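>>> sequence and computational prediction follow.
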Amino acid sequence: MDFLSRIKEIAGIENVFSNERMDKHTTFRVGGPARYMAAPSDETQINALIRLCGEYEVPYYIVGNGSNLLVSDKGYDGLIILIGRNMSDISVCGDVISAGAGALLSEIGKRALNERLTGFEFASGIPGTLGGACVMNAGAYGKEMKDVLISVRAITPDGDVRDFQAEELGLGYRQSIFIDGGYAIIKADVRLMPGSYSEISEKMAELARRRREKQPLEYPSAGSTFKRPEGMFAGQLIEQSGLKGMGVGGACVSEKHAGFIVNKGNATAKDIYDTIQLAVQTVAKKQGVKIEPEVRIIGEF
Ligand SMILES: Cc1cc2nc3c(=O)[nH]c(=O)nc-3n(C[C@H](O)[C@H](O)[C@H](O)COP(=O)(O)OP(=O)(O)OC[C@H]3O[C@@H](n4cnc5c(N)ncnc54)[C@H](O)[C@@H]3O)c2cc1C
């Protein structure tokens, strides 16, 4: 049987696609076709897909909500394993929320609010999944996933299913043991604290207001494109290098927040990639600082 038929057998015909355009699955709204895509529903299916990739020597890459990804215009010549809606159950026990890796942080935030649990407000405006947030140790407004994570269940590169305690995850600034790939996160538990509905909802609204005020949310992007160099802000360095509004093709450094590279509407992935390189090189030349993309870059450029 061919590879496509086998993945359909594992994940179900309705959850498998071929030549699926990645611009539909990334917040930059760019990216060519993924040769294969499957949206599994549980850990058994993920494990089977990963094993199959080994058997057929097909590379694979895991995608959550695609909010920190730049995929090449040439696409991805392998299997994209989409851990999203099909693995997004959320349950609550006391002050612990357990959710599938595909649950959106905004949905977990809403559930926390309804359960009157505080501590997740910082994450509720980040447009990613729980899995992606664990990989990136996503954070905002002085808090990060490290502050709330208790444990993560993941498939290891050896194909074992393992429960990791948060302390084992090497969580640091946009850093975890998962960052270099090979692991598939299945679910995670976060610990919050009892709080008041009105205070939680006010805090969420206030943080959403700050995002709208400071971030160019009207354009497709992947949030802050660069990591913060130690003791500095990438956006400030880029702005001081005179790059606001500058870019290549349909991509540019946002006028509103220089840390964001945005798609003005007709950018290609290559335009965004070249704008990233422009920022890296100009900041190195003018400020003597090396900035590094936070965004994960996939495929050939
Ligand atoms: C407007 C905007 C604002 C943003 N604001 C913030 C912010 O305030 N703070 C912040 O930290 N980030 C922010 N981001 C970036 C992004 O939302 C986060 O990095 C988020 O955690 C990525 O989650 P995702 O599900 O979209 O992951 P993806 O972009 O799909 O993937 C990111 C990485 O995680 C891996 N991955 C995803 N899911 C899994 C899984 N289940 N198992 C194994 N690996 C997986 C991927 O392979 C990839 O390496 C913002 C982005 C946008 C567009």
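That came through fine. Residues are numbered from 1 along each chain as shown.

>>> which residues touch the one residue in the stretch 201-301 of the chain that gets nearest to the ligand?
Closest to the ligand within the stretch 201-301 of the chain is Gly223: 2.4 Å, counting by C-beta to the nearest ligand atom. Where C-beta positions appear, they are placed from N, C-alpha and C, glycine not excepted. Contacts for Gly223 (C-beta atoms under 8 Å, 6 or more residues apart in numbering) come out as 27, 67-68, 126-127, 215, 260, 294.

>>> also Leu217?
Contacts of Leu217 (C-beta under 8 Å, 6+ apart): Arg211.

>>> phi first, then psi, for Val161.
The phi and psi values for Val161, taken as degrees, to the nearest 10, are phi -90, psi 120.

>>> okay, it: pLDDT?
On the pLDDT scale, Val161 is placed at 95.

>>> nearest spatial neighbour of Ile179, chain-adjacent residues omitted?
Spatial nearest neighbour of Ile179, excluding adjacent residues (C-beta to C-beta, 6 or more residues apart in numbering): Val135 at 6.0 Å.

>>> ignore the last one, Ile10
In space, Ile10 is closest to Ala48, 4.6 Å off (C-beta to C-beta, 6+ apart).

>>> next: Gly235.
Gly259 (3.0 Å).

>>> my guess is that neighbour contacts Leu237. True?
No. Contact criterion C-beta atoms under 8 Å: Gly259 and Leu237 do not qualify, at 9.1 Å.

>>> who in the stretch 151-300 of the chain is up against the ligand?
Counting by C-beta under 6 Å from any ligand atom, the stretch 151-300 of the chain comes close to the ligand at 178, 183-185, 215, 217, 221-223, 296.

>>> who wins on neighbours among these?
When neighbours are counted by other C-beta atoms under 10 Å, Ile185 leads these with 27 neighbours.

>>> which SS state does that one fall under?
strand (DSSP: H, G, I helix; E, B strand; the rest coil).

>>> in contact with it, which residues?
Ile185 is in contact with 62, 83, 101, 130-131, 134-135, 152-154, 178, counting by C-beta under 8 Å, 6+ apart.

>>> circling back: tell me the confidence at the residue nearest to Gly235?
Model confidence at Gly259 (pLDDT) stands at 97.

>>> for the stretch 151-300 of the chain, just list every one of the helices.
197-214, 234-240, 269-287 (DSSP state H, counting those that start in this stretch).

>>> so which of these is nearest Asp158?
helix 269-287 (32.4 Å; C-beta to C-beta).

>>> related to what we said a few turns ago, list phi and psi for the residue nearest to Gly235.
The phi/psi pair for Gly259 (degrees, to the nearest 10) is phi -80, psi -10.

>>> that one: how many residues sit nearby?
Gly259: 26 surrounding residues under other C-beta under 10 Å.

>>> still on that earlier bit, Cys53: which of the helices of the stretch 151-300 of the chain is closest?
Among the helices of the stretch 151-300 of the chain, if distance is taken as C-beta to C-beta, the winner is helix 269-287, at 23.4 Å.

>>> how near is the nearest residue to Tyr76 once chain neighbours are set aside to Met22?
Of all residues not flanking Tyr76 in the chain, Ala34 sits nearest, at 4.7 Å (C-beta to C-beta, 6+ apart). Per C-beta to C-beta, to the nearest Å, Ala34 is found 6 Å from Met22.

>>> shared neighbours, those two?
Contact criterion C-beta under 8 Å, 6+ apart; residues shared by Ala34 and Met22: 71, 75-76, 80.

>>> need the buried ones from the residues you listed selected in ChimeraX.
To isolate the buried ones among the shared contacts of Ala34 and Met22 in ChimeraX, judged by 16 or more other C-beta atoms under 10 Å, type:
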select :71,75,76,80
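
>>> the shared contacts of Ala34 and Met22 in strands, which ones?
71, 76, 80 (DSSP state E).

>>> got the residues of the stretch 1-150 of the chain near the ligand?
Near the ligand, when you scan the stretch 1-150 of the chain using C-beta under 6 Å from any ligand atom, you find 27, 61-69, 83, 101, 126-129, 131-133, 135-136, 138-140.

>>> same thing but 5 Å
Contact residues (C-beta under 5 Å from any ligand atom) of the stretch 1-150 of the chain with the ligand: 27, 62-69, 83, 101, 126-129, 131-133, 135-136, 138, 140.

>>> give me the subset of these lying in helices.
131-133, 135-136 (DSSP state H).

>>> picking that back up, possible to save the helices of the stretch 151-300 of the chain as CSV with mean pLDDT?
As requested, these are exported to CSV (pLDDT from 0 to 100):
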stretch, mean pLDDT
helix 197-214, 98
helix 234-240, 97
helix 269-287, 98
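
>>> same list (those helices) but as a markdown table, adding mean neighbour count.
A markdown table is the format used below for these (neighbours: other C-beta atoms under 10 Å):
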| stretch | mean neighbour count |
| --- | --- |
| helix 197-214 | 14 |
| helix 234-240 | 20 |
| helix 269-287 | 19 |
